[in-house]
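> missing the sequence, but the structure's below:
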Ligand SMILES: Nc1ncnc2c1ncn2[C@@H]1O[C@H](COP(=O)(O)OP(=O)(O)OP(=O)(O)O)[C@@H](O)[C@H]1O
């Protein structure tokens with residue numbers, strides 16, 4: 001691989017040297033021809049111009065082939081290394097980390113093509129052209145060398161320093177904007193439910209403004225770098241010409257020296273861009289050198305915690321601190337003849353149901369019985385094919401919850417912006433996530449979500465549960481909120497949730513059949529094949545579910 005990179009470097013350098021030689025020879029030919037010498041004395045120069053012109057094109061083409069071959073080989077080798085390193089890890093093998101690592105390895109391609117090869121060509125031209133000028137006139141060689149140092153070292157260093165800082169700012173703003181965009185799209189239902197869409201939009205707009213400012217400044221700096229390179233090129237050529245004129249070397253040599261200087265500096269101008277690009281690539285190259293996941297936040301499908309809130313209020317009544325929905329007919333959940341068909345398959349086959357306000361209801365049944373569909377209907381997420389649905393504050397809105405790229409405090413406070421620390425801590429305690437938060441070095445200020453602190457599926461699930469609890473809606477619908485938790489923890493969390501919801505309606509799809517009454521449920525709905533086959537006191541539910549699976553025709 002080193003040989004391929006070296007070949008590409010040599011070919012690139014040869015192409016640039018051919019370009020400089022072409023200009024020098026052409027300058028000599030034109031200046032000499034103006035003196036009207038015998039044609040035969042120009043023959044060699046004419047051949048030289050043709051040869052350099054052809055070889056420049058040929059060498060450039062060969063360099064492109066070899067350069068891309070080298071870059072692709074480097075990327076392939078790196079990818080293999082990164083995948084092996086990731087495959088060997090036990091943690092953090094999530095899609096985000098993997099795709100970023102794949103993206104990062106692409107930066108090696110740019111390193112070869114846009115940094116390494118232009119650098120090698122520029123160095124070769126600097127040495128060759130300075131030597132040529134030195135041989136023709138040492139003073140001109142010195143001026144050219146000075147110009148080359150400025151254009152090929154000082155300008156690129158300044159460009160990398162200033163441009164790099166700006167590139168960091170642009171990259172940070174771009175990354176933040178991507179995350180904000182994702183939050184706005186993926187978290188749209190949560191934002192709408194909690195009345196926080198405006199806030200999130202304003203935050204995204206501020207990020208856009210910051211990105212625009214940073215890009216504008218970066219653009220100006222880029223222009224200044226290009227302009228200063230061209231200025232140095234012109235000044236070098238003029239300086240070389242003046243030195244040559246003063247040394248009275250003759251018009252032909254003055255033209256050769258000046259145009260050689262012009263071509264030589266032009267060949268080193270790309271180094272400024274290469275230095276800037278290198279500075280931009282550095283973080284990605286560092287990550288590749290030490291493969292480690294960026295977020296380490298695996299995202300198994302969490303249980304859904306869906307507060308039901310009215311869609312027509314900017315600050316839903318159900319989210320107000322201390323907002324209540326006392327018992328009474330208007331607060332009942334009433335379903336009548338509700339049927340849901342998915343294509344030809346019936347998920348709910350005519351459900352009649354009335355749940356008084358303030359009840360804690362478990363929805364149980366075998367897999368595929370229609371529990372999630374029933375919850376979806378209550379939430380307004382699933383449109384029944386027949387029947388009527390009425391839940392308190394009937395225009396309900398539910399959502400799959402989203403973890404925002406923000407602090408844990410902000411993620412929870414979204415549910416109730418005015419909530420104090422004690423209320424946040426209480427919701428987190430009930431959901432079983434407080435201990436984890438308090439153990440984090442930055443505690444409540446830890447940034448989670450995209451690119452933030454990694455969370456296990458369980459932590460994420462409990463954080464979302466805490467947010468739903470903090471919203472304190474009149475009706476809380478939970479779809480297997482303790483799924484995936486260890487038995488003891490899941491049972492304890494469910495018990496605390498129901499205790500904290502005392503007096504408020506809570507409907508929970510659960511597979512934890514044991515001790516439903518002890519957990520705090522008032523009753524259980526047993527579903528089978530899309531029907532409520534039994535509605536029983538929670539204390540005898542385990543027994544009934546067993547019977548219903550062996551006797552599908554169990555009557556309600
Ligand atoms: N989006 C869908 N498209 C087609 N069929 C669906 C869809 N959602 C659910 N079903 C079908 O409807 C029936 C009820 O599904 P549902 O998810 O409500 O059951 P469940 O009791 O919640 O099951 P589980 O306990 O496994 O989550 C199943 O037969 C299921 O295959």
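It's in. Since this is a predicted model, take the numbers as computed values, not measurements.
> for this structure, what lies in contact range of the ligand?
The chain comes close to the ligand at residues 342, 345, 347, 365, 367-373, as judged by Cβ under 6 Å from any ligand atom. (Glycine included, C-beta is placed from N, CA and C.)
> got a winner among those for most neighbours?
residue 365 (27 neighbours; other Cβ atoms under 10 Å).
> now do the SS call for the closest residue to it other than its chain neighbours.
Excluding its sequence neighbours, the residue lying closest to residue 365 (Cβ to Cβ, 6 or more residues apart in numbering) is residue 527, at 3.6 Å. Using DSSP: H, G, I helix; E, B strand; the rest coil, the three-state assignment for residue 527 comes out as strand.
> and for residue 368?
Following three-state DSSP, residue 368 is assigned to coil.
> look up how far residue 77 lies from it.
Going from residue 368 to residue 77 by Cβ to Cβ, to the nearest Å gives 49 Å.
> in stretch 176-195, which residues are buried?
Neighbour-count burial for stretch 176-195 flags 176, 179-180, 182-184, 186-187, 189-195 (criterion: 16 or more other Cβ atoms under 10 Å).
> my error: substitute stretch 166-179 in the last question.
166-167, 169-170, 173, 176, 179.
> closest one of these to the ligand?
Among the buried residues of stretch 166-179, residue 179 lies closest to the ligand (Cβ to the nearest ligand atom), at 29.3 Å.
> how about the helices in the stretch 51-200 of the chain?
Counting by DSSP state H, counting those that start in this stretch, the segments of the stretch 51-200 of the chain that form helices are 95-110, 117-136, 138-149, 155-158, 164-186, 188-193, 197-246.
> distance from the chain centre to the second one, please.
Its chain's C-alpha centre and that of helix 117-136 lie 43 Å apart, by Cα atoms, centre = their mean, to the nearest Å.
> residues of that helix that come out buried?
Those would be 117-126, 128-130, 132-133, 136, for helix 117-136 by 16+ other Cβ under 10 Å.
> pull the residues that contact it.
8-9, 12-17, 20, 24, 63, 67, 140-142, 144-145, 148, 152, 240, 249, 253, 256-257, 260-261, 263-264, 267-268, 270-271, 273-274 (Cβ atoms under 8 Å, 6 or more residues apart in numbering).
> and the strands in the stretch 351-500 of the chain?
Counting by DSSP state E, counting those that start in this stretch, one finds strands in the stretch 351-500 of the chain at the ranges 360-365, 386-390, 396-397, 475-479.
> so for residue 158, which of these sits nearest?
Across those, residue 158 has its closest neighbour in strand 396-397 (54.8 Å, Cβ to Cβ).
> now that closest one: mean pLDDT?
The average pLDDT within strand 396-397 is 46.
> stretch 520-528 too?
Stretch 520-528 carries an average pLDDT of 90.
> now it: how far from the chain's centre is it?
The answer for stretch 520-528 is 42 Å, by Cα atoms, centre = their mean.
> what of stretch 510-526?
Worked out by Cα atoms, centre = their mean, stretch 510-526 lies 41 Å from the chain centre.
> next, the buried residues of that stretch.
510, 512-513, 515-516, 519-526.
> likewise stretch 208-219?
210-211, 214, 218.
> possible to save those residues as a markdown table with pLDDT?
Formatted as a markdown table, these follow (pLDDT from 0 to 100):
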| residue | pLDDT |
| --- | --- |
| 210 | 94 |
| 211 | 93 |
| 214 | 92 |
| 218 | 90 |
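> report the two of those residues separated the most.
210 and 218 (12.3 Å).
> joint contacts of the two?
residue 169.
> ok, which pair from the buried residues of stretch 166-179 is furthest apart?
Across the buried residues of stretch 166-179, the longest distance by Cβ to Cβ is 20.4 Å; it joins 166 and 179.
> could you list the low-pLDDT ranges of the stretch 101-250 of the chain?
Within the stretch 101-250 of the chain, the segments meeting pLDDT under 70 span 101-103.
> mind checking how far the closest residue to the ligand within the stretch 51-200 of the chain is from residue 381?
Closest approach between the stretch 51-200 of the chain and the ligand, counting by Cβ to the nearest ligand atom: residue 189, at 17.3 Å. Relative to residue 381, residue 189 is positioned 9 Å away (Cβ to Cβ).
> sorry, back to before: now for the residue nearest to residue 365: which residues touch it?
Counting by Cβ under 8 Å, 6+ apart, residue 527 touches 363-365, 369-371, 374, 533.
> so what's it bridging to?
Taking DSSP bridges as the rule, residue 527 bridges to residue 365, residue 532.
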